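> Test case, fold it:
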Amino acid sequence: MEMLDQEVRDFTRKKFETELVNPVELLYFTEEKSPLIVPGQPVSSDCQFCQEIKQLLEELSSLSDQIKLTVYDFKREADRAAEYHLDKIPAIVIKKKEEDTGIRFFGIPSGYEYTSLLETIVEVSRGQTELSPATKEALKKLTKEVNIQVFVTPTCPYCPMAVRLAHQMALESPLITASMIEASEFPELSQKYDVMGVPKSIFNETITLEGAVPEEVYLEQVLKAAGEQVS
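Residues are numbered from 1 along each chain as shown. Alright, predicted model coming up:
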């Protein structure tokens, strides 16, 4: 059974045909049989959607020659996973021209998050975002790394706004890593960060932000996490 119905396939194909500029590579890290449990590392207790995500990405990549999908086994190819600092699965890494953008999807990008995946692929292909010039300039001045984790659920209509802001900022700055995390697939992490509602963004383990907020407010948290002065 196909993951994408005909209407969604047609919409996605047309979007790719009209909006993709440069090739995009999707790296998918999965576990075919059972998830790898790494002592001391937070991982999903059950990689329940690993096969579904693989099928989704295969169908997605088949809609454009500009998209290349490579599938890795998290356990057997641990060195490759370590290269991208991955500690849990299922994980999607998005690259442009052999360059790691710092963009991650942990868990299935379904429901409203399918839109997040499509828009992120398009922006990576273009190599530019819709962030304001002021935000882009501020991100260029970062001197410290910032790790953003955005907890979401597929049924949350406000979550894509937070996910897209995080991913756009990662695309604009090599010092930012931004991850979408599907909250129900990673209960240990949701409990650790006290995720009672979504979207919830965590910046460098120290700063939290709940809800969908304007770009300027999101940028402030990034700057605070990096130890930068906020004007």
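> Can you show me the helices along the chain?
Listed in chain order, the helices of the chain (DSSP state H) span 6-19, 50-61, 78-83, 113-126, 133-140, 159-172, 187-192, 215-225.
> Taking helix 133-140 as reference, get the angle to the last one.
Between helix 215-225 and helix 133-140, the angle formed by their directions is 10 degrees, by axes from the mean of the first three to the mean of the last three Cα atoms, to 10 degrees.
> Run through the neighbouring helices and strands of helix 215-225.
helix 133-140, strand 146-152, helix 159-172, strand 200-203, strand 207-210 (3 or more Cβ pairs under 8 Å, 6 or more residues apart in numbering; DSSP states H and E). Heads up, the C-betas are built off the backbone N, CA and C, glycines and all.
> nearest to residue 16, of those?
helix 159-172 (17.7 Å; Cβ to Cβ).
> what packs against that closest one?
Against helix 159-172 (3+ Cβ pairs under 8 Å, 6+ apart) you get strand 99-106, helix 113-126, helix 133-140, strand 146-152, strand 176-182, helix 215-225.
> contact partners of that helix?
Contact with helix 159-172 is made by 101-103, 112-113, 115-116, 119-120, 123-124, 127-131, 135-136, 139-140, 148, 150, 152-153, 176-180, 198-199, 201, 211-213, 215, 218-219, 222, as judged by Cβ atoms under 8 Å, 6 or more residues apart in numbering.
> could you flag which of the residues you listed are buried?
101-103, 112-113, 116, 119-120, 123-124, 129, 131, 135, 139, 148, 150, 152-153, 176-180, 198-199, 201, 212-213, 215, 218-219, 222 (16 or more other Cβ atoms under 10 Å).
> pLDDT value on the spatially closest residue to residue 184 that is not a sequence neighbour, please?
With Cβ to Cβ, 6 or more residues apart in numbering as the criterion, residue 184 has its nearest non-adjacent residue at 6.4 Å, and that residue is residue 153. For residue 153, the pLDDT comes out at 97.
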